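Colleague: sequence-free structure coming up:
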């Protein structure tokens, strides 16, 4: 037991002996043993006592707070990594426009490659010509990355490729109960987008954890601009995992009919903007019911603990450890880019 998610709205945590109790309405609804616990994610407005906080710090449990919509809010920060040289290299290298552009190109190449690979794989699986054409279009954009001269153009290219990819997305949904009319977020407007946003948030938090474990500053990246509260480096490095981890999980649940439209709550008359996250929670157009949230997280954890071949020796490791190895590889790249060029994790088909 490494990762635990608390999803019950209005719950609070209290400590008893060597475990945490999840209490709601005066009743204990779950117990979490502290032994072996490494990561605790609290979704929504879950509160905790001072004793719980002390226990989490003492046992060095990484604790993440997320909004009810699945957006990162805060992280319980333990002592920072002592690798000063690594952060100096990060600040120095990524402050150079030329180096930042070359690094962003590496990230975009990895993302486009995996999107094209994923569409190609599904085109064979479904004998779908549109998916094959979509993969070819993205590969063409991938081939033009070398000629890009500035970050604005690169971001535009990445955006065009992403739109092309999501135009193909309906061809990969094989369950007629679900419709997808384009990517939307903050807030998601339909069940498919709600699932995508949620899994992307989970993956970004995984990458954020790996970055912090490596000793890097998660708030300074290359492709994504520096913005208040945005972990730009995590947003950069998560790009290579979106299709083959996030999208594959969502499509698998939908196409196997493990999730249905009745697993969501729908609201009408949604405003175009929100005052704060609480208003977004209260008025968002669609949200998962608690039962499907728990099932989704269980499927996500199952995926992250699945074994995959990794590295030159093709050693078997979990997807979660792949993210950590990749973050460390990015750190080596920053320290010595000539001899340790970063290679995004790509899937072969």
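Modeller: Right, received. Where do you want to start? Model, not experiment: these values are computed from the prediction. Residues are numbered from 1 along each chain as shown.
Colleague: so what's the residue nearest the centre of the chain up against?
Modeller: Nearest residue to the geometric centre of the chain (C-alpha atoms, centre = their mean): residue 203, 2.2 Å. The neighbours of residue 203, taking C-beta atoms under 8 Å, 6 or more residues apart in numbering as the test, are 238, 241-242, 245-246. C-betas here are computed from N, CA, C, even on glycine.
Colleague: now stretch 148-163: mean pLDDT?
Modeller: The average pLDDT within stretch 148-163 is 97.
Colleague: got the buried residues for it?
Modeller: 148, 151, 154-155, 157-158, 161-162 (16 or more other C-beta atoms under 10 Å).
Colleague: before we move on, what about stretch 248-259?
Modeller: Buried-residue list, stretch 248-259, by 16+ other C-beta under 10 Å: 248-251, 253-254, 259.
Colleague: one more: stretch 306-322?
Modeller: Neighbour-count burial for stretch 306-322 [16+ other C-beta under 10 Å]: 310, 319-322.
Colleague: farthest pair in those residues?
Modeller: The widest separation within the buried residues of stretch 306-322, taken as C-beta to C-beta, falls between 310 and 320 and amounts to 11.4 Å.
Colleague: gap between the closest residue to residue 237 other than its chain neighbours and residue 299?
Modeller: In space, and not counting its chain neighbours, residue 237 is closest to residue 207: 5.0 Å by C-beta to C-beta, 6 or more residues apart in numbering. Per C-beta to C-beta, to the nearest Å, residue 207 is found 19 Å from residue 299.
Colleague: got the buried residues for the helix or strand containing residue 121?
Modeller: Element membership for residue 121, per DSSP states H and E: helix 97-126. Under the neighbour-count criterion of 16+ other C-beta under 10 Å, helix 97-126 has 100-101, 103-123 buried.
Colleague: ditto for stretch 4-21
Modeller: Neighbour-count burial for stretch 4-21 [16+ other C-beta under 10 Å]: 4-8, 11-15, 20-21.
Colleague: ok so, going back, can you add neighbour count, distance to residue 38 and secondary structure and give the contacts of residue 203 back as TSV?
Modeller: Conversion of those to TSV gives the following (neighbours: other C-beta atoms under 10 Å; distance: C-beta to C-beta, whole Å; DSSP: H, G, I helix; E, B strand; the rest coil):
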residue	neighbour count	distance to residue 38	secondary structure
238	27	20	helix
241	26	20	helix
242	21	24	helix
245	26	20	helix
246	23	22	helix
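Colleague: quick check: residue 128 touching residue 170?
Modeller: No - the criterion here is C-beta atoms under 8 Å, and residue 128 misses it with residue 170 at 10.7 Å.
Colleague: quick check: phi and psi at the residue lying closest to residue 246 once chain neighbours are set aside.
Modeller: Of all residues not flanking residue 246 in the chain, residue 199 sits nearest, at 4.3 Å (C-beta to C-beta, 6+ apart). Main-chain torsions, residue 199, degrees, to the nearest 10: phi -70, psi -30.
Colleague: what's the distance between residue 199 and residue 251?
Modeller: In this view, residue 199 and residue 251 are 11 Å apart by C-beta to C-beta.
Colleague: look up how far residue 161 lies from residue 137.
Modeller: From residue 137 to residue 161 the distance is 8 Å (C-beta to C-beta).
Colleague: ditto for residue 187
Modeller: Residue 187 is 24 Å from residue 161, by C-beta to C-beta.
Colleague: counting neighbours, what do you get for residue 263?
Modeller: 17 (other C-beta atoms under 10 Å).
Colleague: quick one, phi/psi of it?
Modeller: Torsion angles, degrees, to the nearest 10, at residue 263: phi -80, psi 10.
Colleague: so it touches residue 288, yeah?
Modeller: Yes - using C-beta under 8 Å, residue 263 makes contact with residue 288 at a distance of 6.5 Å.
Colleague: thinking again about what came up before, now distance to residue 343 and pLDDT too, for the contacts of residue 203, in TSV please.
Modeller: Shown next, in TSV, are the contacts of residue 203 (distance: C-beta to C-beta, whole Å; pLDDT from 0 to 100):
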residue	distance to residue 343	pLDDT
238	16	97
241	14	96
242	17	96
245	17	96
246	20	97
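Colleague: which of the buried residues of stretch 306-322 fall within helices?
Modeller: Judged by DSSP state H, helices contain the following of those: 319-322.
Colleague: CSV for those residues, including distance to residue 42?
Modeller: Putting these into CSV (distance: C-beta to C-beta, whole Å) gives the following:
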residue, distance to residue 42
319, 23
320, 19
321, 24
322, 25
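Colleague: adding pLDDT, write the residues you listed out as TSV.
Modeller: Shown next, in TSV, are those (pLDDT from 0 to 100):
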residue	pLDDT
319	91
320	89
321	87
322	92
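Colleague: what's downstream of whichever strand or helix holds residue 56, the next helix or strand?
Modeller: Assigned by DSSP H and E, residue 56 belongs to helix 50-58. Per DSSP H and E, the first helix or strand lying C-terminal to helix 50-58 is strand 62-66.
Colleague: any idea of the angle that following strand forms with helix 50-58?
Modeller: 130 degrees (axes from the mean of the first three to the mean of the last three C-alpha atoms, to 10 degrees).
Colleague: quick one: average confidence on strand 62-66?
Modeller: pLDDT averaged over strand 62-66 gives 79.
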